[in-house]
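Participant: please work out how this folds:
(2 chains)
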Amino acid sequence: MKTRDLVSSAISNTFRSKTRTVLTALAIFIGAFTLTLTNGLGTGINAYIDDTLEGIGVSDVLTVTKPDPSSVGFGASSTEPQLYDPDSIDVDQGGAPGSSVIALTPEDLDELSSINGVLDVQAVRQVTVDFVQTADSELYVAQLAGILEGQSLNITAGREPDTDATTHEVVIPASYVESLGFTDASAIIGETLTLQVSDATRTSHSVDAEIVGTSEPTLASPLGESIVANTSLTDALVEAQNTGIPAEQAERYPQASVWFAADASPEDITALKDRLSDAGYSGLTVEDQLGTFTTVIDGIVLVLNGFAVIALIAASFGIVNTLLMSVQERTREIGLMKAMGMGSGKVFGLFSLEATFIGFLGSAVGVFAAIISGTAISAALSESLLADLPGLQLIAFDPATTAVIILVIMGIAFLAGTLPAARAAKADPVTSLRYE
Amino acid sequence: MTQQIFTVHDLRKTYGHGQNAFEALKGVSFTIDRGESIAILGKSGSGKSTLMHVLALLDAPTSGKLSLDGVDTTSLRGKNLNAVRNKTFGFVFQQFFLTPNATVLENVTLPLKIAGVSASERRRRGMEALRQLELDDKAKNKAVNLSGGQKQRVVIARALVNNPSIIFADEPTGNLDSATGAVVEDILFDLNAQNGITLIVVTHDEELAARCDRQLRIRDGLLVDETLEVAA
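Facilitator: Residues are numbered from 1 along each chain as shown, chains lettered A, B, ... in the order given. This next block holds a predicted model:
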C-alpha cells in the first residue's frame, strides 16, 4: 500500500464512526485549547514586558546596592541578634523585600567608579516628601522618584521633566490631577506644585516646582505612580532634607546607578556584575529586575500547562479506548486485508495514523478555537479590566509555539495509538476471518 | 511453468500444545493442476477450512511439504509472502467481508490498494471487474445497500480484480437462496472455464461439489478418497 493511500484510508476510517471520533477528538480539543491559551498567556505577558522594556531604553544602567552580608533576605530571618551596623538601612526598593542593604558612602561611589567597565556613577538620593499641594488644594501624601538620563515615562499630557534644566520641574501621576483641583490634565500643566520635606530637626521646608506633565504607570515603569522630579528639584529637596545633618552623615545613599558601555554584550555585563560582587556590591540591570517577573510568569504558565497536559493524558486514554473498540469491530476487515497481502507494518501504520489524525483533528480545532477566543478575551480585557496597561495583549499567539503544540499532541495521540495498532498488526488472519 | 499449481505432501497441522493439542490435519497428500476446479468437501470440524487456510498461505503447516507453482512455501516470508498472497489469490467468503460504509468500487479495489496500484489504474481495473459481473452501475453505491446476491458478486469482483491464478471460495453460496446461489456458481465456473483460473471451493454442498472437476473429501483430518477425473 502506498503511503498516500495509507494516510487517506486512515483519514476516511476515522470518519466511519463519526460520533466516536468526535467525542474522542473533543477530549483532545479541551487539552489543546487549554494548552494554547495558557501558552498564549505566557507569550502575551512576556511580550508586553519585553516591549515596555525596550520602551524604557535604559539598558546601559546597573542599579547597584551593597547587600548586608548578615541579612540574606527573603525568608532567611535569623533568630539570633544581629550586630549593629550604623550604615545598615532597610530599603523599599532595589532589593528583595525584607532584606537590608548597607548605605553607600562617597568612598563607595569612588570605589565603584574605579571598577573596570564603569563609565559613570550616580547615587540615587532618597527624598521623603511629607505632602504636596497646589495653590488652593488639600495636602496630599506623595512619593518622589528621580529620573535617570535616558529613562522614559509613560507621559499622558505635557512633557517629561528636563534633567538639565536649572528650574524645578515635576511630573505628577494622572490620578492626582482631580484631587489637586483640576478637571483635566492639560489644565494643570504650568501650575506650581509645592512640595514639603522635613529635615532631621523636624523643621519643614517648602520647595515650589512647575508641573510640566502627567504620567500613567506601566508594568515595567513604576515611576508613573510617583511624582517625578528633575535633577535641580531633587537637589533642592535633598538639600532641604539634609539641613542640620553633618556633611559626612548626609551623604548616605541606599543605591547608586552605574552606567556601562551601551554596546556591552551580555557577557560583558555578566563580567561587570562579577567584578561588582567581588568588590562587595550587587548590580542589577533593568532586565534583571524584570527577569524576576518573567520567571514568575513562566513558572505560572508551566503549572497551567501541567494541567493542560494532564487533560491531554486523560484524552490519550480516550484514543486508546476508541481505537481498541475500532480494532475489535474491524477484526474481520483486518483479517481480510492481511489475507490479501497487507503486511503487519502497514496495518500498524494504518491504525497509528488514525490515532495521529484524531490527535491532529482535536488539536487543530482546539488551537484554532483558542486563538479566536483568546484574541476576543484579550481585546475585551484591554478595554475594561486592563485598560490601565496600554499595549498589553494578555493572550498572544506565536506561530512556532502553536505549531509545536499541534505536533506534540499528534505525538501523544500517536503514542496512544501504538497499543491498539500493535494489537491489530498482531492479529492472525485466520482467527480474524473466523471471527463472528 | 509447472502443470501442477499445488503439490501437497503429508501435510499436518496441529493447534495448541500438549494435552490441548488438536490435530486438524493428520497428513494429507495431493496435487492440484493449473486450471482445475476442486471441491474440498467435509463436515464442519473435518479440517476442510484448515486445509484451505494452509493452501492460501494464511496459516503455516506444522509439518509436511507444500509447493505453490513449484516453490516451497516455507521459503516465503514477510514481503514475498504478502506479495504472493496479493497477486496469486482471490478470496470469496460466505460472509462476504465487505466494508459496509465504503462504496462498491472501494471494496472491489482493496486488493489493488494494498498492492500499491495508482488511483486511476485502480479505478479502471475495478470498473472492468464490476462490468464483468454486471455491477458497474452500482459502483458508487454503499456496499451495505446491496442484496445478498449482489454482495457476493461484489466479492467475486474483488477476488478477480488483481487477476489471480487461484480463487478460493469458502461456502460461496452458503448465505444465498438457491436461485441466486446458482447464478454465483455459474459465474465462478465460467471464470474457471474461460479465464483458466484455478478454482478451489470449500463446501459441504454435494451439488456444488459435483460441478467441480475433482472432489477432495476430508474427514477427521484425513483425505477419504480422491475422486480423479470423474465425469460430471
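Participant: how many neighbours does residue 52 have?
Facilitator: Defaulting to chain A. Neighbour count for residue A:52, taken as other C-beta atoms under 10 Å in any protein chain shown: 20. The C-beta positions use only the backbone N, C-alpha and C, and glycine is treated the same way.
Participant: switch to chain B, please.
Facilitator: Other residues lying near residue B:52 total 20 when counted by other C-beta under 10 Å.
Participant: then residue A:144?
Facilitator: For residue A:144, the count of nearby residues is 20 (other C-beta under 10 Å).
Participant: wait, it sits on residue A:229?
Facilitator: Yes. Shown here, residue A:144 and residue A:229 form a contact pair, counting by C-beta atoms under 8 Å, at 5.9 Å.
Participant: what do these two both touch?
Facilitator: A:127, A:237 (C-beta atoms under 8 Å, 6 or more residues apart in numbering or on different chains).
Participant: who in chain B is up against chain A?
Facilitator: Residues of chain B lying close to chain A (C-beta under 8 Å from any C-beta of the partner chain) are B:49, B:53, B:56, B:58-59, B:78-79, B:81-87, B:89, B:91, B:93, B:95, B:97, B:99, B:101, B:110-111, B:113-116, B:118-119.
Participant: mind naming the longest helix for chain B?
Facilitator: Ranked by residue count, the top helix of chain B under DSSP state H comes out as helix B:178-195.
Participant: can you tell me the strand partners of the helix or strand just after that helix and which way each runs?
Facilitator: Under the assignment DSSP states H and E, the closest C-terminal helix or strand after helix B:178-195 is strand B:198-203. Partner strands for strand B:198-203, per DSSP bridges, with pairing direction: strand B:37-41 (parallel), strand B:166-170 (parallel).
Participant: what packs against the longest helix anywhere in chain A?
Facilitator: Across chain A, the longest stretch assigned as helix under DSSP H is helix A:286-329. The helices and strands touching helix A:286-329, judged by 3 or more C-beta pairs under 8 Å, 6 or more residues apart in numbering or on different chains; DSSP states H and E, are helix A:18-56, helix A:344-383, helix A:399-426.
Participant: give me the mean pLDDT for that helix.
Facilitator: The average pLDDT within helix A:286-329 is 81.
Participant: ok now it, how far from the chain's centre?
Facilitator: 20 Å (C-alpha atoms, centre = their mean, to the nearest Å).
Participant: by how many degrees do it and helix A:18-56 diverge?
Facilitator: 170 degrees (axes from the mean of the first three to the mean of the last three C-alpha atoms, to 10 degrees).
Participant: any idea which helix or strand comes after helix A:286-329?
Facilitator: helix A:331-339.
Participant: do that following helix and chain B meet at all?
Facilitator: Yes. Helix A:331-339 is in contact with chain B by C-beta under 8 Å from any C-beta, via A:332, A:333, A:335, A:336, A:337, A:338, A:339.
Participant: ok, the last one - contacts?
Facilitator: Just to be clear, that refers to residue A:339. A:429, A:433, B:56, B:58, B:85, B:89, B:91.
Participant: just give me the residue closest to the centre of the chain.
Facilitator: Picking chain A for this. residue A:294 (3.5 Å; C-alpha atoms, centre = their mean).
Participant: correction: the question concerned chain B.
Facilitator: Chain B, centroid-nearest residue using C-alpha atoms, centre = their mean: residue B:168 at 0.8 Å.
Participant: that one contacts residue B:92, doesn't it?
Facilitator: Yes. If you go by C-beta under 8 Å, residue B:168 and residue B:92 touch, sitting 7.0 Å apart.
Participant: number of nearby residues for the residue in chain B that chain A sits nearest to?
Facilitator: Per C-beta to the nearest C-beta, residue B:86 is where chain B lies closest to chain A, at 2.9 Å. By other C-beta under 10 Å, the residues close to residue B:86 number 21.
Participant: one more: residue A:287?
Facilitator: There are 14 residues near residue A:287, going by other C-beta under 10 Å.
Participant: for residue B:97, same thing?
Facilitator: For residue B:97, using other C-beta under 10 Å, the count is 21.
Participant: now it: closest residue in space, sequence neighbours ignored.
Facilitator: Closest residue in space to residue B:97, ignoring its immediate chain neighbours: residue A:336 at 4.8 Å, by C-beta to C-beta, 6 or more residues apart in numbering or on different chains.
Participant: shouldn't that neighbour be in contact with residue B:96?
Facilitator: No. Contact criterion C-beta under 8 Å: residue A:336 and residue B:96 do not qualify, at 9.9 Å.
Participant: which one's more surrounded, the two?
Facilitator: A side-by-side neighbour count of residue A:336 and residue B:96, using other C-beta under 10 Å, places residue A:336 first with 24 against 19.
Participant: got the contact list for that one?
Facilitator: A:429, A:432, A:433, B:91, B:97, B:110.
Participant: so what pLDDT did the nearest residue to the first one once chain neighbours are set aside get?
Facilitator: Taking C-beta to C-beta, 6+ apart as the measure, residue A:429 lies nearest to residue A:338, with 4.1 Å between them; neighbours along the chain are not counted. We note a pLDDT of 87 for residue A:338 in this prediction.
Participant: kindly report the same for the one 3 residues further on.
Facilitator: The pLDDT attached to residue A:341 in the predicted structure is 86.
Participant: that one: what secondary structure?
Facilitator: coil (DSSP: H, G, I helix; E, B strand; the rest coil).
Participant: what about it, distance to residue B:76?
Facilitator: 11 Å (C-beta to C-beta, to the nearest Å).
Participant: quick one: low-confidence ranges for the stretch 101-250 of chain A?
Facilitator: Along the stretch 101-250 of chain A, segments meeting pLDDT under 70 span A:146-152, A:217-224, A:248.
Participant: what ranges do the helices span in it?
Facilitator: Assigned by DSSP state H, counting those that start in this stretch, the helices in the stretch 101-250 of chain A fall at A:106-114, A:176-179, A:185-188, A:231-241, A:247-250.
Participant: quick one: which of those is nearest residue B:12?
Facilitator: Among these, the nearest to residue B:12 by C-beta to C-beta is helix A:106-114 (95.9 Å).
Participant: and that closest one, what does it pack onto?
Facilitator: Using 3+ C-beta pairs under 8 Å, 6+ apart, helix A:106-114 is in contact with strand A:120-124, strand A:255-259.
Participant: can we see that at 6 Å?
Facilitator: Applying 3 or more C-beta pairs under 6 Å, 6 or more residues apart in numbering or on different chains; DSSP states H and E, one finds that helix A:106-114 makes contact with strand A:120-124.
Participant: same for the strand it packs on, what does it pack against?
Facilitator: Applying 3+ C-beta pairs under 6 Å, 6+ apart, one finds that strand A:120-124 contacts helix A:106-114, strand A:255-259.
Participant: for these, give me a markdown table that also has mean neighbour count and distance to residue A:47.
Facilitator: Formatted as a markdown table, these follow (neighbours: other C-beta atoms under 10 Å in any protein chain shown; distance: least, C-beta to C-beta, whole Å):
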| stretch | mean neighbour count | distance to residue A:47 |
| --- | --- | --- |
| helix A:106-114 | 15 | 34 |
| strand A:255-259 | 22 | 27 |
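Participant: residue in chain A nearest to chain B?
Facilitator: For chain A, C-beta to the nearest C-beta, closest residue to chain B: residue A:341, 2.9 Å.
Participant: and the nearest residue to that residue once chain neighbours are set aside, what is it in contact with?
Facilitator: Nearest in space to residue A:341, with sequence neighbours left out and distances taken as C-beta to C-beta, 6+ apart, is residue B:86 at 2.9 Å. Taking C-beta atoms under 6 Å, 6 or more residues apart in numbering or on different chains, we find residue B:86 in contact with A:340, A:341, B:114, B:115.
Participant: no further queries at this time; thank you.
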